[in-house]
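1. below: sequence and its predicted model.
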Amino acid sequence: MLRRLFPSRPERRRWKPSLSMLLISLIIVLLTNSVFYYYTKNRMTRELEERLQLISDVLAVSIEHARAGEKHVEDLIGLNLRSVSIAAQSQLPADIEQVSNEELQTLSRQLMVDHITLMKRQGDDIVGYRSSDPKEIGMSTKDWRGDWFKAFNQLLDRKETQVPSGQALPNYWSGPINTSMTNPSSVDKWGYYHDGSTNYITDPFVHDTHLRSYQRDTGVDAFIREMTREDRLNAASEITVYNPPTFLKEQEQYRKDAFTWFSDREILFGSYTLKDSRDASSVREVMRTGQKQEFTTVLDGHTYLKMFIPLGLEYPAVIGLTADYEPILDWVREQQTQLTLLIGSTIFIGLLTLFLSARVMSRSRERTAESVQEVYTDKIDDLFRSMKEQQHDFNNHVAALSALVQLKQYEELTRYTEQLTEETHALNDIIQINVPALCAIVQAKLIESAQRKIRFTHDVENLSGANLGALKATDLVKVVSNLLDNAFDAVSASPRSDKHVGLTGRLADGRLQFVVANNGEPIPGAVRERLFEAGFTTKTESGDHEGLGLSIVQSILSRYKGQIEVHSSKAETRFVLSIPV
């Protein structure tokens, strides 16, 4: 029966990781990854945008300075062409009819210009009449766009040249560098001179070789080339300066022989090879709002960030900056992977630690249960033995009562009944404790006290208000049982004949208070200081004492923030313990 009530070993429960815990861990990893990815990506993108904005600001200043430098170089070329015009005119007849094209070819080589053309008025037109370049002969200018035809008429009319564009000097006007009407594959710089001493305009011109060289070495294109170098840290992949009117098809481009006029080019500076269908709409939005626009795009399997920023120059211009976005994405993905591994490792270690802790706690509970089971088994064995003795006594009591009734010994019957009633009251005192495990301990100690001829008294009030859990009740049994065992051993070793052990217990002010007292030999002060040390014992007469009982008591009380005090004198030794509930 005892084996059924108390199995030899408690069954081990396998600890399984909680599914909810794993799900929560997974959610934490996903949320952390997502937040990290988007935060880091946005931060890196903002840094890239700031670098591109800085490039844009520097480029705007560079364009202003470069334009001023180019204008100065262009004016120097124009001034040189005026000198060439005067020198050429001094070597040519005043009448254009007396000048041959061959003379102009020889003269252009001598004066180190590409060509010289002589222009004269024919009806309402001004045409190229003689030239070192055969393509210039017969060239009409009346349909030229801009200020050219007007400036030619002012020169021939001996008026001061007053047009918005170009370079005006005495008897001279030089048009801005542009595409040649007679040779659209060439961009040239022209000078036009007429002082009234001839019936023609002297027009020497040169190709844009010198200006292009200046732009290549020190101009805007040089700056852009430096900013887009592959070996430059955080360089833009491509820089494009758009000419919005022509890029957005708002202004018609002048084209001839498949060549677009230099002044009508869509791209003012830089290159435009990384094209996206959203470029035009972004440029249009920048021109409309004056605010920058940006988007990411994938071109040939590569991710780029494109930004469009207004340059704020005296003429409409928008800078397009295309930056390689892959390094940012690669870096963020690498950091995300490292973070995932770190969090995953941390969670794995945490779960492993939790698992091991649970195993340790489970084994600790098993050991505790086994220890209490041993106590219970011993005490229940005593209890069942007592029940058998009481059953035997009960039969004897019934027989005695029957005999006293038959013999009509009523006074003796009354005394006998009172004695039985006292025993019943004592049993009721045990039952009213209302902690079954503690009741069993008290009952077992009553039986043990009778066997060892020790007077054992108990006064434990009803503890139902303590709300003891199963584990706390088990630990309470271990504490009280150890203290009672020590008290019984102490009085047993005493030479006194009136051996006494007392147990009192009550619930007051939210604390369980127990006192275990005995009238054995007093405990010396030096021994009292070491009572609760593990392995310390004064019971050397037998080898079955390991000195762990009071150490276990101290450990349990510490776990529940309890206290224990020892008071010892010649009259009595008292262990007073208090546990919060």
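-> Nice, thanks for sending it over. Numbers count the residues shown, from 1 in each chain.
2. separation between P310 and E266?
-> 17 Å (Cβ to Cβ, to the nearest Å). (Glycine included, C-beta is placed from N, CA and C.)
3. more crowded one of these two?
-> Comparing P310 with E266 by neighbour count (other Cβ atoms under 10 Å), the higher total belongs to P310, at 20 against 16.
4. OK, contacts around the more buried one?
-> V286, M287, G290, Q291, K292, A317, V318, I319 (Cβ atoms under 8 Å, 6 or more residues apart in numbering).
5. kindly recompute the last result at 10 Å.
-> Residues near P310 by Cβ atoms under 10 Å, 6 or more residues apart in numbering: 56, 60, 244, 283, 286-287, 289-293, 316-319.
6. quick one: it from L342, how far?
-> 44 Å.
7. again, but for Q513
-> In terms of Cβ to Cβ, Q513 sits 52 Å off from L342.
8. looking at those two, which one has more neighbours?
-> Q513 (15 against 11).
9. state the three-state secondary structure for the residue lying closest to that one once chain neighbours are set aside.
-> Nearest residue to Q513, sequence neighbours excluded (Cβ to Cβ, 6 or more residues apart in numbering): S578, at 5.1 Å. Here S578 is recorded as strand under DSSP: H, G, I helix; E, B strand; the rest coil.
10. partner residues bridging S578?
-> Residues in a beta bridge with S578, per DSSP bridges, are Q513, Q563.
11. was I right about it contacting L512?
-> Yes. S578 is within contact range of L512, at 7.0 Å (criterion: Cβ atoms under 10 Å).
12. what helix or strand is T240 on?
-> strand 238-242 (DSSP states H and E).
13. by contact count, what packs against that strand?
-> helix 19-90, helix 220-227, strand 267-270, helix 279-289, strand 302-310, strand 318-324 (3 or more Cβ pairs under 10 Å, 6 or more residues apart in numbering; DSSP states H and E).
14. among the ones you listed, which is nearest T414?
-> helix 19-90 (69.5 Å; Cβ to Cβ).
15. which is the next helix or strand following the closest one?
-> helix 101-110.
16. residues contacting the nearest residue to K142 once chain neighbours are set aside?
-> Of all residues not flanking K142 in the chain, D125 sits nearest, at 4.5 Å (Cβ to Cβ, 6+ apart). The neighbourhood of D125, defined by Cβ under 10 Å, 6+ apart, consists of M139, S140, T141, K142, D143, F149, F152.
17. tell me where the stretch 351-500 of the chain has strands.
-> Taking DSSP state E, counting those that start in this stretch, the strands of the stretch 351-500 of the chain run over residues 455-460, 500-508.
18. so which of those is nearest G175?
-> Using Cβ to Cβ, those put strand 500-508 closest to G175, at 112.0 Å.
19. so where is the stretch 1-150 of the chain shaky, pLDDT-wise?
-> For the stretch 1-150 of the chain, applying pLDDT under 70 flags the ranges 1-19, 21-22, 33, 36-37, 41.
20. tally of neighbours for the residue nearest to R452 when sequence neighbours are not counted?
-> If you skip the residues right next to it in sequence, R452 has S492 as its closest partner in space, 6.0 Å away by Cβ to Cβ, 6+ apart. Using other Cβ under 10 Å, S492 has 14 neighbouring residues.
21. then A571?
-> Other residues close to A571 by other Cβ under 10 Å number 8.
22. let me know the pLDDT of it.
-> With respect to pLDDT, A571 has a value of 89.
23. how about V460?
-> V460 is given a pLDDT of 86.
24. so what's it closest to, chain neighbours aside?
-> G505 (3.8 Å).
25. quick one: I349 from S481, how far?
-> Distance from I349 to S481, by Cβ to Cβ: 40 Å.
26. who has more neighbours, these two?
-> Neighbour count, other Cβ under 10 Å: between I349 and S481, S481 has more, with 24 against 10.
27. list just the nearest of the contacts of P310 to R121.
-> P316 (36.6 Å).
28. so which bits of stretch 561-580 are buried?
-> G562, I564, V566, S568, T573, R574, F575, L577, S578, I579 (16 or more other Cβ atoms under 10 Å).
29. could you do stretch 275-292 as well?
-> Residues of stretch 275-292 classed as buried by neighbour count (16+ other Cβ under 10 Å): D276, D279, S282, V283, R284, E285, V286, M287, K292.
30. now, the most widely separated pair of the residues you listed?
-> Counting by Cβ to Cβ, the most remote pair of those is D276 and M287, 17.4 Å apart.
31. returning to what we had before: for R158, find the nearest of the strands of the stretch 351-500 of the chain.
-> strand 500-508 (127.4 Å).
32. for that closest one, packing partners?
-> By 3+ Cβ pairs under 10 Å, 6+ apart, strand 500-508 packs against helix 436-451, strand 455-460, helix 470-492, strand 511-518, strand 573-580.
33. how distant is stretch 442-458 from the center of its chain?
-> 68 Å (Cα atoms, centre = their mean, to the nearest Å).
34. end-to-end on it?
-> End-to-end span of stretch 442-458 (Cα to Cα, to the nearest Å): 8 Å.
35. pull out the buried residues from that stretch.
-> V442, Q443, A444, K445, L446, I447, E448, S449, I454, F456, H458.
36. contacts only, for the fourth one.
-> When contacts are counted by Cβ under 10 Å, 6+ apart, K445 is found next to 379, 382, 452, 454, 456, 458, 480-481, 484-485, 487-488, 501, 503.
37. at 7 Å instead, please
-> F456, L484 (Cβ atoms under 7 Å, 6 or more residues apart in numbering).
38. roughly how far apart are it and Q451?
-> In terms of Cβ to Cβ, K445 sits 10 Å off from Q451.
39. could you do the third one as well?
-> With distances taken as Cβ to Cβ, A444 is found 11 Å from Q451.
40. likewise the last one?
-> Distance, H458 to Q451, using Cβ to Cβ: 17 Å.
41. can you list the helices and strands packed on strand 238-242 in TSV and add distance to I201?
-> Formatted as TSV, the helices and strands packed on strand 238-242 follow (distance: least, Cβ to Cβ, whole Å):
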stretch	distance to I201
helix 19-90	9
helix 220-227	33
strand 267-270	31
helix 279-289	40
strand 302-310	41
strand 318-324	39
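42. of these, which approaches T538 most closely?
-> helix 19-90 (49.2 Å).
43. relative to helix 101-110, how tilted is that closest one?
-> 120 degrees (axes from the mean of the first three to the mean of the last three Cα atoms, to 10 degrees).
44. state the pLDDT value of A400.
-> 68.
45. for T297, which non-adjacent residue is closest in space?
-> Here the residue nearest T297, using Cβ to Cβ, 6+ apart, is D276, at 4.8 Å.
46. what helix or strand is the one you found located in?
-> Here D276 is assigned to no helix or strand, by DSSP H and E.
47. mind checking how far it is from I441?
-> Distance from D276 to I441, by Cβ to Cβ: 87 Å.
48. so R216 sits against I224, correct?
-> No. Using Cβ atoms under 7 Å, R216 is not in contact with I224, being 10.9 Å away.
49. these two: which is more packed in?
-> Shown here are R216 and I224; by other Cβ under 10 Å, I224 has more neighbours (22 against 11).
50. got a list of what the more buried one touches?
-> Counted by Cβ under 7 Å, 6+ apart, I224 has contacts I239, F269, G270.
51. the spatially closest residue to the second one that is not a sequence neighbour: neighbouring residues, count only.
-> Meaning F269. Among residues not flanking F269 along the chain, V241 sits closest, at 4.0 Å (Cβ to Cβ, 6+ apart). Look at V241: counted by other Cβ under 10 Å, it has 21 neighbours.
52. likewise for I441?
-> I441: 25 neighbours (other Cβ under 10 Å).
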